[in-house]
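Chemist: Fold the following for me, if possible:
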Amino acid sequence: MRVLVTGAAGRLGSAVLAELAEHHVTALVERDSGPIAAERVVVGDARDPAAVRAALEGADAVVHTAALASPEVAAPEVVFAANTQATFVVLNEAGEQGVRRAVIASSLSITGLPFARSRRSPAYLPLDVRVPPLIEDPYALSKQVDEATAAMMGRRHGMTVAALRFPFLGDRARLAARAAMLAGNPAAGAADLWSYLDLRDAARACLLGLTAPLEGTPAFYLAAPETLMSTPTRELIATYHPGVPCRADLPGRTVAIDLEPAGRVLGFTAEELLP
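Modeler: Sure thing, here's the model as predicted:
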């Protein structure tokens, strides 16, 4: 494949480049910050149609990871506008150039839970794409708009766009540090259900999003099958999400996220697991 990866210098983008090492990859990066493991590198803003057009030359697929990664890194209006404009521009320019397959990095934060100002709970568990969002921050709202944009571009251009709703991502060291922190403060993981995914698995999911036999613009939750906690999941839910109905048994440390669609449709199962 000839793939454009946006945000290629970021945490997820770099992992995607490594996963796509056997393909012809163009990396779109916001600034020249050193060597990039890609066949071609274009420096430019993902919000700039001209830069995106240049980066898309010859591409037949796109993995869009460029984004401000939380509502805390910039003013609210900047986070919302930057993320939604980049997704619109990248998908629209891709569609105009005949690209018909794309993956966008969405987030478990689309639930509205991780960055809420007060603790909130989902309507039910395990979490699935039908759980109503409780959005009150600009980052979560930007992800909701990103997925709506993907659906619109699917209709406008006949594109297949997979939205991958990632949980907390990291390499081995970052995930181990997260697990150690949550061991001392379980409440800090309640909003994202103590879930995680290794960056190598996240990158592999992006490749599957480009190659699996998909139709339309589906969204998938992804995560490791067990939480970062040693405490049983049902006990955690009873403590930090009391009264929330559980529609599955969730034995042991089973993550409270419905991973079945990702397994059935994408063929994805996390492989890089913490002990």
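
Chemist: chain center to stretch 182-196, what's the gap?
Modeler: Its chain's average C-alpha position is 18 Å from that of stretch 182-196, according to Cα atoms, centre = their mean, to the nearest Å.

Chemist: before we move on, what about stretch 248-259?
Modeler: Put simply, stretch 248-259 sits 20 Å off its chain's centre (Cα atoms, centre = their mean).

Chemist: same question, stretch 146-158
Modeler: Chain-centre distance of stretch 146-158: 17 Å, with Cα atoms, centre = their mean.

Chemist: So that it lines up with my notes, have the first residue be 39 from now on.
Modeler: Happy to do that; since the first residue is 39 now, the last one works out to stretch 184-196.

Chemist: Go through that stretch and flag the buried ones.
Modeler: 184-185, 187-192, 195 (16 or more other Cβ atoms under 10 Å). The C-beta positions use only the backbone N, C-alpha and C, and glycine is treated the same way.

Chemist: first vs last residue of stretch 146-155, how far apart are they?
Modeler: Stretch 146-155 has its terminal residues 16 Å apart, counting by Cα to Cα, to the nearest Å.

Chemist: Tell me which other helices or strands the helix or strand that contains A120 touches.
Modeler: Take DSSP states H and E as the rule and A120 turns out to sit in helix 114-134. Applying 3 or more Cβ pairs under 8 Å, 6 or more residues apart in numbering; DSSP states H and E, we find helix 114-134 packed against strand 40-44, helix 87-93, strand 99-102, strand 139-145, helix 176-195.

Chemist: re the thing from before, just the buried residues of stretch 184-196 now: which is nearest G301?
Modeler: Distance to G301, by Cβ to Cβ, is smallest for E185 among these, at 20.5 Å.

Chemist: if we can go back for a sec, make TSV from the buried residues of stretch 184-196 and add pLDDT and distance to V79 to it.
Modeler: Compiled in TSV, the buried residues of stretch 184-196 are given as follows (pLDDT from 0 to 100; distance: Cβ to Cβ, whole Å):
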residue	pLDDT	distance to V79
D184	98	24
E185	98	28
T187	98	26
A188	98	25
A189	98	31
M190	98	30
M191	98	25
G192	98	29
H195	98	26
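
Chemist: Phi, psi for the most far-flung residue of the chain relative to its centre please.
Modeler: Of all residues in the chain, G281 has its C-alpha farthest from the mean position, at 28.3 Å, by Cα atoms, centre = their mean. Backbone torsions of G281, given as degrees, to the nearest 10, read phi 80, psi -10.

Chemist: so where do the helices sit in the stretch 139-288 of the chain?
Modeler: Remark: helices assigned in the stretch 139-288 of the chain by DSSP state H, counting those that start in this stretch are 176-195, 210-222, 237-249, 271-278.

Chemist: which residues are contacting the shortest one?
Modeler: Which is helix 271-278. 157, 163, 224-225, 228, 232, 265, 267, 282, 284, 288, 290-294 (Cβ atoms under 8 Å, 6 or more residues apart in numbering).

Chemist: Go through the residues you listed and give me the one with the most neighbours.
Modeler: T265 (29 neighbours; other Cβ atoms under 10 Å).

Chemist: looking at the helices and strands packed on helix 114-134, which is closest to E77?
Modeler: strand 40-44 (8.9 Å).

Chemist: Paired strands for that closest one, with orientation please.
Modeler: strand 62-67 (parallel), strand 99-102 (parallel) (DSSP bridges).
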